[in-house]
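Undergrad: Quick one: sequence and predicted model below, then my questions.
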Amino acid sequence: MTDFLLLDRLGELIRKMERPRLLYRKGVAAEGYFRPYVSWSDYTKAGILSDPEEVTPVAARFSSMTGDRGTPDTARGIKGLAVKFSGRREQWDLICQSLPVFFINREKKFPELRDAMTVRESFDRIHRERFWKFVTDNPESVNCAVRLFSWQGIRDSFVDITWYSVNTYVWENKEGKRFLVRYKWKPILSGREKTGRKTDRIRAEFMAGFDPDRCEEELRDRMERGIFPSFELQVQIRSWSEDEEEVKRTLHWEEELYTPLPAGVMKLTKILRPEEGGEENMFFLPGRTAEGMGIYEDEFSRVMDYAHKAGALERGGKP
């Protein structure tokens with residue numbers, strides 16, 4: 001062990017090894033644009049939503065909560081969609097998932113949840129025994145668990161999913177009036193395509209072996225054929241309240257009570273390659289918001305924002 005130049009070289013190679021994300025490792029990135037339908041200046045000061053004539057560039061990353069490269073996209077789990085808006089004066093990261101609720105409200109439960117969602121020897125599936133023990137010990141997670149083990153937990157496409165913010169946001173207008181807001185991305189599909197089509201377990205298991213990268217390949221195929229995925233941004237708005245019961249991530253805002261309002265449209269036009277800032281080089285922060293549309297701050301959101309920042313720094317990024 002006297003070849004110090006060799007040891008330095010080996011150390012350099014180790015330092016350059018790519019560190020995986022904590023969750024949502026397997027993904028694909030695309031770029032496009034967003035345009036609001038109307039001005040929302042009565043509700044928020046955010047420039048991104050103030051001018052229907054202004055087009056904002058976006059970068060989006062689709063991913064699976066559990067799984068590495070080679071893991072089947074149709075394995076049961078939660079899908080993720082993170083969108084980065086790059087406005088002229090502001091940036092905004094909007095992080096959504098394929099289920100309208102999350103498992104927990106308390107940040108201290110997150111490490112235990114992460115362990116319950118993964119098999120240690122293999123990152124490609126849920127550890128059933130630990131998962132159901134976690135649900136039993138944390139009754140607030142039942143709402144999400146039931147949805148996960150329904151047809152909503154098995155998806156074979158990124159482009160026909162309705163995406164939910166889960167986190168609650170705070171809009172504030174120029175007069176200082178505040179509102180509670182949640183977001184949805186609703187897919188805009190045409191022809192014989194059907195929103196939210198169901199994939200049964202048998203088809204999912206077949207696709208897992210036949211085409212494990214089904215979701216990513218479908219997205220790439222659409223782009224190559226000029227069928228660019230579009231999603232409508234919808235917002236649910238309710239009066240300001242400091243009652244934390246109303247912003248719990250384990251509770252769904254029923255559409256009958258809080259009607260989703262069409263806010264704008266996002267169209268994705270190109271898959272991003274690694275050298276163009278592809279998905280492995282992309283980082284999103286829950287707390288990166290535009291003026292007049294901040295996240296509802298509680299300990300959970302602060303801890304998750306820190307986790308995203310720390311993960312980005314560990315992987316050599318600049319959050």
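TA: On my side now, so go ahead.
Undergrad: Going C-terminal from the helix or strand of the chain with the lowest mean pLDDT, what's the next secondary structure element?
TA: Across the helices and strands of the chain, mean pLDDT, DSSP states H and E gives its lowest value to helix 4-16, namely a mean of 61. Remark: after helix 4-16, the chain's next helix or strand is strand 27-36, criterion DSSP states H and E.
Undergrad: The residue lying closest to residue 245 once chain neighbours are set aside: neighbouring residues, count only.
TA: Excluding its sequence neighbours, the residue lying closest to residue 245 (Cβ to Cβ, 6 or more residues apart in numbering) is residue 251, at 7.9 Å. Placement of C-beta: from N, CA and C, glycine included. Other residues near residue 251 come to 16 when the count uses other Cβ atoms under 10 Å.
Undergrad: Could you verify my assumption that residue 251 touches residue 143?
TA: Yes. Checked against Cβ atoms under 8 Å, the pair residue 251 and residue 143 is within contact range at 7.4 Å.
Undergrad: any residues in contact with both of those two?
TA: Residues touching both residue 251 and residue 143 (Cβ atoms under 8 Å, 6 or more residues apart in numbering): residue 101.
Undergrad: what sits against the residue nearest to residue 245?
TA: By Cβ under 8 Å, 6+ apart, the contact set of residue 251 is 101, 143, 245.
Undergrad: From those residues, pick the one nearest residue 131.
TA: residue 143 (14.7 Å; Cβ to Cβ).
Undergrad: Shouldn't that closest one be within a strand?
TA: No. Judged by DSSP: H, G, I helix; E, B strand; the rest coil, residue 143 forms no part of a strand; its state is helix.
Undergrad: pretty sure it contacts residue 250?
TA: Yes. Contact criterion Cβ under 8 Å: residue 143 and residue 250 qualify, at 5.6 Å.
Undergrad: hey, what's in contact with both of those two?
TA: residue 101.
Undergrad: all helices of the stretch 1-150 of the chain, in order?
TA: Ranges of helices in the stretch 1-150 of the chain, per DSSP state H, counting those that start in this stretch, are 4-16, 110-116, 128-137, 142-148.
Undergrad: just the stretch 151-300 of the chain next, same as before
TA: Using DSSP H, counting those that start in this stretch, the helices found in the stretch 151-300 of the chain span residues 201-210, 214-224, 299-314.
Undergrad: Export the ones you listed to TSV and append columns for mean neighbour count, mean pLDDT and distance to residue 41.
TA: Shown next, in TSV, are these (neighbours: other Cβ atoms under 10 Å; pLDDT from 0 to 100; distance: least, Cβ to Cβ, whole Å):
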stretch	mean neighbour count	mean pLDDT	distance to residue 41
helix 201-210	14	74	45
helix 214-224	17	89	34
helix 299-314	16	77	25
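Undergrad: of all these, which lies closest to residue 39?
TA: Minimum separation from residue 39 across the helices of the stretch 151-300 of the chain (Cβ to Cβ) falls at helix 299-314, 27.6 Å.
Undergrad: could you say what helices and strands the closest one packs with?
TA: helix 110-116 (3 or more Cβ pairs under 8 Å, 6 or more residues apart in numbering; DSSP states H and E).
Undergrad: want to throw the helices of the stretch 151-300 of the chain into TSV with distance to residue 49?
TA: Converted to TSV, those look like this (distance: least, Cβ to Cβ, whole Å):
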stretch	distance to residue 49
helix 201-210	37
helix 214-224	26
helix 299-314	21
